[in-house]
Each structure stands twice: as C-alpha cells, then as structure tokens.
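**Student:** pasting the structure only:
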C-alpha cells in the first residue's frame, strides 16, 4: 500500500471518464435485458433496477486509451434490501473486484437496510482497451470515475517488463482493436472464422477462429513483442520462426517476447490445440525494438569512424584509401602502431628502413638495427657502423657521402649533399637558413613561429600559411613587408564591411566592433572560426579543448596539441574520445567525473565495481549507492528492494499469488498458496480433497452443513432439521415460539396466557367468547354472532371495536365505507374528460401519493393508439381529503364501438375511521372518438382553401358591381357571409373537419387589420 501511495503521488494521474447517475445519460452503457433505467431511492439516483428479484446487467468498453501503466477505478453502487449477500459482480477486464467500504441505512424498499458500496482500486494495466461489467440484484450504479497513470518511460504500450537501457519499443501494428472488428492487413484465415459478440465488454466483438496466419514486414529491428487479449480456457499454439508457445491462460492479456529476431518478415501461425474447439482473441499488437547500435572497436590511429570505415586519422597517421583504415606515417620520427622504428627518413641501409629494422651498409648481421657483424673487409666502429678501414677507434677511410672528423677521428655525414645519412634529420642540398632545413636539422621557415619536421603549423602575427605551408604576409593589415610578395598595402581592417579612413563603420556578420580601437574582431563563441581565432566550439567553457577561441587542454590533461590531449595528468588515462578519465583502481576518487566510487584503503571493492556503484536490484531511482524508489511491486527496506506482499501485484519470480491481504486460510497467505481452513489437500490455493465430516465444499471453501445432525465447531447445535422454534434453528440455539425465558433452546417460562408443554412448546390458552380479550384476539364481545362487528374474535369489515379494559367486553360500531365515483364530463374535439372523486374524505397508508398509483386501461385498443393525462385537483395522501382528479383520454383511431375506460386504484384507500374502500376498480363508457387521419385533414384543408378562393372571387364580383352602381348584389353577398360566420358560434360540438373549415372566416374579420396596425 505504501508503494501504491508513492506511485500515485509521484506519477501523473489523468481522469479520462466519469459517470454520474444524476445526469440520467446512459453514455454508451449496454443493458443486456433492456430493462435497466435511472431510478431514485431515498434521494439517491442510480442506474439499475429497484427489484431485488431480477438482475441488473450492464457493461461498457473504453477504446484508444493513452499509453499508461495503471488504471484507477472509483465507483459507488447501491444495493436495495441488502443482507450482505454476495449477489453482485464487478469485473474490470474479467478481473473480479471487491468493495472497500459500505454505508448502511434504511431509505427505501422493505424493512432491510440499503447499502452503498464503494470501490477504489488501482490495477496494473497497459492495454489501450479496458471494459467494465457489473451484475447485481436490486439497486444499481451511482457513479464511476476512470483514471490512468501515464508511463514513466517513453515506451509505446508502456512496456516496462522488457525495457532496456538504450532501446525503446515502437508500435508496428494494432489489429482487432475497435468495438466492431474489421479485417486487418497481414491476416489469412486458414479455417472458417467469424466474430463473436461478448456482452461483458459492452457488446464488443472477439475474433472467433480455429487456425489463422499473420505475416508482416518489420522495419530494422532486434526484439519483437506480441500482445493480445484471450478469453476462455481453450489451449492455442503460436508458431513462429524461432520456436512456438502453448498458451492455456484465459481472460487475460498474453505476451510473447521474441529476442534477436533477425528476419525482416514476422510470420505467425495461431491455431487451437483441438481442431474442433474455437478460440477468441482481440486487441492484437506487434511491437519491436530498433536494431542495437554496435560500436565496433576503433581502428588504431583513427580519430573519427563510421561503422568499420575511418573518416579522419589521428595526427601522425595517414588513411589507406583501399583498406579504409589508418596506418602511421613512416618517416616522421615517431614510432606508432606497427612501426618497429622511425628514424625520420626513408633512406635505406641506415638501420631503419620503411620503419622496419634493417642492417646498415656493409653489415652482414644485425639486430634491432644494430650491426653485430660486418662484411669482409669492414670492421665495426664505436658507433656500430662498418668502416672500410679502422685501427682501434680511429677510422682511416670514410664511406661515400661521409667525411672524416680529424679531431674525433671518426666519420660523419656530409651536410648539404642532398642525402640524409647518420644523425642528419634532413638535407635539402644547401646551407641556407630559414628554409625548413638548416645544417641538416629541421628548422622553422622565416616568419614561422611553430613548426614540426620543417612544416610550419603557425605563422607570426601578420602572416598566414599558404598551400605550400609557407608564411606569407597578410594582405590588408596595413603593414608592407619588404623583399616579399607584397608590392603595396592598404590598412583595411579584417572583418570590416564598410570603412572610412582608419575607422570601421560596419562589421561583417560574425564580427563585432571594438569601440576603443574602432576596428572589428570576431565574435568568440558563435561556432565560426574567423580572424585570429584558433578555434570556436560555440561556448566559453574552460577546460574543453577550446577556451576563448584559443586551443587549450581539457581538464586533467597535461599535454595537448590543437586541443587534442596527448598525455593526461598522473592518475588519468586517455579514452577513445581523447578525454582524460580517472584511473580506476588507484584508490583515488575524483569527484565530478565518471568515477562514482573507488577501491577502499584495505583493497576491498565495497559495493563498487569498475568504479561505479553496483546497481541495487529492482531499484527504480537511486542516488549513488542509496535506493530512493523501487520498481512497482517492491518495497524499500534497509536499502534493499524486496517484493511487497499485499499490493495485489503478482511478481512471478518471488510470489505465487497476491490477494491484497494478510488473511490466513483464504487460499493465499504471505503471497504463497495456502489451503483454506479444514481442507486437507489443495493445489495453487484451490481445495481438491473432500472436506471433513460435517463440511461441504462450496465456492472454494469448506462450510459446515447445517441439518446433517453433525455438530461442528461453527455450530451450537444440529437437530437434523431447519424447523424454527424447536430449540435449534439454523444450527444456533433458539427459544420456542412465545417463550419468555429459555436456556440453550429449552424453554423455562412462557409468555402471558401461554402454557409450557412437555414437548418444550408454549401453547396459548384461548377461550373465544368469554369476553376476555387475549393476545391472539382482535376483539371479544362475549358471543359468536355475526354482523355485530366481532365474529370469532376478529373484527368484521367496516366495523370498529374497542375494549375499554382487559376484562371488559369489546364494543363495536358500524362505519360506512367510502365509495369511488366516476362521472363523464364532456368531449372537446377528440379529447374526452372524466371526473374521479370520493363521496367522503379518504386517506392512504403509504408515502406514495394516490395519483401515482391510478391505472387506466381501454380494452380492444392498442396502447400506442390512445393516451391519457391525469389532472390533480386534490390528491390523496396520509391525511384525509375528498380527493378529486380529472383524466383526459384521447383516442387516435376511428372505432365502430364505444370504448370502455377501466380505472383502477392500486393502493388501499380508507376513510377517517379506517373503513376500507371495497370497489377499487370501476369502468365508464366513452363517446365515439372524433378522429381525423392525415388524409382527412388534408381534405378539410383543401375544402377550406377552395372556400377562400370562392370568397376572393365574390369579393371581385361585388367590387365590380359597386363600380356599376349595383349595391344589391353587395348586400346579398355580405348577408351570406354573415350567416356562415354565425354558424361557427352555435353551441354545438362540431367535428374537427368543420372546425378546420370554419377557420376561413378569420379572413373576413377586422382582426387581420388590427394585427397589421398593432392595435
């Protein structure tokens, strides 16, 4: 639980759906029997059914969820007249969920309590589809909230079980993922298949099959993960290129991991183990990881490498275009790579030729370039050279190209003959200084400040290196260098775009103006090398090979060239990137480097391996050697992540089960399978051996059998029957009926007017007619006569009996019962009105008003062809009132008979004296309905329009007659129209067609004129 709270606090929780029954909106919830609706119980609105004898069966599916690792479901549902019976199911993806809390109260229904159950559950879940199914007796769903916890890693499908350090999972294809399945690419159905509609997932579809094949081309990849959801326990076999898997699990997600899948085509064959049995799947997903990048070993001498090809060689190495690798430059005086030696020249017969040891001239046997034996006629001198003639240490005759040193009496090479021999570094055939070779030693050329092997690497200020590695004057700096290539000079500042005399007005892009010197200098840190900049790495950070646009040594580097470290400080070594890493194992821990720990003083690696802290198993977040947060399903204890038992997350490597509690004998205890109590042998928490005598195996538990005459430890008694009031009922001691005091089922004293029998029963001492009112009597008037209000000691209907004292006779009085009166009022067009009332004040005995329990019925007419409306003049409740209602009946069809309306009261109605209304059902004959269908209405409208046309015509005729000064015709026509107008207001019930016809008279009134002038 602690891990779950930490997870919720540190991970983003997103609400994706909420449902409240108060909205009265179904919102895609499916109803299996089409009988679930929104109801109210004591102010609580719920989605279900009030009846506790029929099931409410609802479900819903949620599609296309965001990538997530967990789902959170919070729900409330109501149980009416609940006795805590287990008659409800709440499933999430076929996982049964139990409630966490319950609130009880009596708000509706019968005498039993109503319970509001609360569910709040967090489940590990990474599918893009989830469904919820609820099934219960009496009551329904009040509210539901669905939230997700997004992935902590950027991985498609939130695949955290198989995540790696460098690779991320990618989604390749998602099939059969909609509510109604359609065919998807890559699938071939070997045998007949169809779609199976499954109600528990909101009437979604599963693919029903016996055998099918799947094939798809994958992008470059390494590992493949296949996921799908399977219901029912049919065994299926999944064959693929590298093996097969047999899957027998049911009602859960299946995952198949294929490591190192090298084939670009993924082919699967999925079939049931038994060819006669179908299987069902949906939500098929294929994921892959990108191909792992293999870092080959860098070729020796290579600075930048792509795959096995070297792009740039290190200094002192040259690229082999055929082999595409680097080999050292022979003749540069530096021994590197496979070179045995390098004397700085390519002259043969001088102990090192082509960077391999060789014998000198006139030497017959040598080792490592040192002559050990000369040819005949030659002897070895003190310098291990072969002299033509030598006495002791004095050379008499030198070889060609060598000259005798008369003082030292030995030979040295002739400098200036153009041949490099002996200790000469170079020989350019002259003795001119400042020409890269002077006195047979490498030297810098004129105006060169730094050179190597006679090649200029950096010129003096005011000079630049040309293509021949010579220094030539910088043109445009205002300094004329005599005796050189410059013939003239102008003082134009470098980097200046516009200049006036010696002042730069506008600098070029990448340059900035120096307001003091009024010239331009390059912007250091823009990543562009310009002007006097040696380098520009885009920053001003020190110790990173380029600082303030000048080459500098990196941190911990003692010697570097052009920003490349060639030698590190003591305690550091150069890595492949020419950076200085701490020397691991020297006992010195260097902070802020790749080292996290070091060898202890006593020479022991304490939680340290290769100078990095040993990772704590199952730790998700750590700081050095301290674990801050464990993986899901683990708890931190003394810096160790141990499996957390009780979080309902099963860790297959450590736990057999996890039911979320530490309750023993419930099938799973301390996350290990355990037999339930009184079970002898079980398998995986399921009892497989018959229980002991007196018990039976029910719902995976051994329950004591009540009524088998075997008394178990859960029972007080067992008399072999379930008869109440016999001293033992439901295997618990019970008092006999009408017993006042008992002990362990044996009655010691009976109630008043009862006698204790030998059979342990209490018998009532009844004597009806003796004038003494006893407990089982309603009245006792001292006789057995009828029609006097008390017959056989029971009150007769419409009588009231009272007993003044216990020993006096009952006095009874007759009370006249109320009567239901039904009267026909009138008929307006096609609506008929009937009055309902009582002849005296009445009341009811329930909280529901009488108006809600009055039913209307017309025989021989379909209910869709008539409707009724009840108008309440005065309703009847728990207080007495006359009660008066008017019902409106409209029949929407023509009849050949007068219909009969039946009115029925579905409650007990009584007067002030509790006299009961006997006749609660009455009938009344209605009039023939005056119904016009649409065709008849169209005919009436057509006749009205025709009459209007006639009036327009008569108006034209009368107008014309007035022009001819004939007023008689005008008077006659007005009389006729007035007569028709008066017919409309005769006190008669006209049929609807005549009412439509009479509306044409509206056009010959002055009302249209008044409406026009807004009068």
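**Tutor:** Good, I have the coordinates. Small disclaimer: the values here were computed from a predicted structure and weren't measured. Numbers count the residues shown, from 1 in each chain.
**Student:** Can you tell me the SS state at residue 938?
**Tutor:** helix (DSSP: H, G, I helix; E, B strand; the rest coil).
**Student:** need the helices for the stretch 901-1015 of the chain, in chain order.
**Tutor:** Applying DSSP state H, counting those that start in this stretch to the stretch 901-1015 of the chain gives helices spanning 934-963, 967-983, 992-998, 1007-1012.
**Student:** Then the stretch 551-700 of the chain?
**Tutor:** Assigned by DSSP H, counting those that start in this stretch, the stretch 551-700 of the chain shows no helices.
**Student:** Low-confidence stretches in it?
**Tutor:** Residue ranges of the stretch 551-700 of the chain with pLDDT under 70: 599-606, 678, 680, 688-690, 700.
**Student:** ok, 80 please
**Tutor:** Applying pLDDT under 80 to the stretch 551-700 of the chain picks out residues 585-587, 589-594, 596, 598-607, 609-610, 613-614, 623-625, 676-693, 697-700.
**Student:** hmm, back to that, and the helices of the stretch 901-1015 of the chain as TSV, adding distance to residue 253, mean pLDDT and mean neighbour count?
**Tutor:** No exception for glycine: its C-beta is placed from N, CA and C like everyone else's. Conversion of these to TSV gives the following (distance: least, C-beta to C-beta, whole Å; pLDDT from 0 to 100; neighbours: other C-beta atoms under 10 Å):
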stretch	distance to residue 253	mean pLDDT	mean neighbour count
helix 934-963	58	76	13
helix 967-983	81	73	12
helix 992-998	66	69	17
helix 1007-1012	72	65	10
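**Student:** Any chance of JSON lines for those, columns distance to residue 20?
**Tutor:** As requested, the helices of the stretch 901-1015 of the chain are exported to JSON lines (distance: least, C-beta to C-beta, whole Å):
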{"stretch": "helix 934-963", "distance to residue 20": "42"}
{"stretch": "helix 967-983", "distance to residue 20": "59"}
{"stretch": "helix 992-998", "distance to residue 20": "46"}
{"stretch": "helix 1007-1012", "distance to residue 20": "49"}
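**Student:** wait, which of those helices is closest to residue 349?
**Tutor:** helix 934-963 (124.8 Å; C-beta to C-beta).
**Student:** From the contact counts, what lies against the closest one?
**Tutor:** Packing contacts for helix 934-963, counted by 3 or more C-beta pairs under 8 Å, 6 or more residues apart in numbering; DSSP states H and E, involve helix 967-983, helix 992-998.
**Student:** Give me the distance from that helix to the chain's centre.
**Tutor:** Relative to the chain's own centre, helix 934-963 is displaced by 72 Å; criterion: C-alpha atoms, centre = their mean, to the nearest Å.
**Student:** could you give the angle of it to helix 967-983?
**Tutor:** With axes from the mean of the first three to the mean of the last three C-alpha atoms, to 10 degrees as the basis, helix 934-963 and helix 967-983 are set at 150 degrees to each other.
**Student:** Number the chain from 46, please
**Tutor:** Sure, I'll start counting at 46 from here, so that last one is helix 979-1008.
**Student:** one step back: do you know which of the helices and strands packed on helix 979-1008 lies nearest residue 926?
**Tutor:** For these, proximity to residue 926 was assessed by C-beta to C-beta; helix 1037-1043 is nearest, at 37.4 Å.
**Student:** Residue 83 contacts residue 92, doesn't it?
**Tutor:** Yes - Residue 83 lies in contact with residue 92 (C-beta atoms under 8 Å); the separation is 5.7 Å.
**Student:** Who has more neighbours out of those two?
**Tutor:** Neighbours were counted for residue 83 and for residue 92 using other C-beta atoms under 10 Å; residue 92 has more, 29 against 16.
**Student:** The more buried one touches residue 86, doesn't it?
**Tutor:** No - applying C-beta under 8 Å, one finds residue 92 not in contact with residue 86, separated by 11.8 Å.
**Student:** Residue 148 belongs to a strand?
**Tutor:** Yes - counting by three-state DSSP, residue 148 is found in a strand.
**Student:** Setting the sequence-adjacent residues aside, check what's closest to it.
**Tutor:** Computed as C-beta to C-beta, 6 or more residues apart in numbering, the closest residue to residue 148 that is not its neighbour in sequence is residue 161, at 4.6 Å.
**Student:** Identify the bridge partners of the one you found.
**Tutor:** Taking DSSP bridges as the rule, residue 161 bridges to residue 123, residue 148.
**Student:** Same question for residue 807.
**Tutor:** Assessed by DSSP bridges, residue 807 has beta-bridge partners residue 801.
**Student:** Tell me how many other residues crowd it.
**Tutor:** 22.
**Student:** mind checking pLDDT for it?
**Tutor:** Looking at residue 807, its pLDDT is 86.
**Student:** Identify the residues contacting it.
**Tutor:** 781-784, 792, 795-796, 799-801 (C-beta atoms under 8 Å, 6 or more residues apart in numbering).
**Student:** ok, back up a step: with distance to residue 402 as extra columns, can I get the helices and strands packed on helix 979-1008 in CSV?
**Tutor:** Converted to CSV, these look like this (distance: least, C-beta to C-beta, whole Å):
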stretch, distance to residue 402
helix 1012-1028, 140
helix 1037-1043, 128
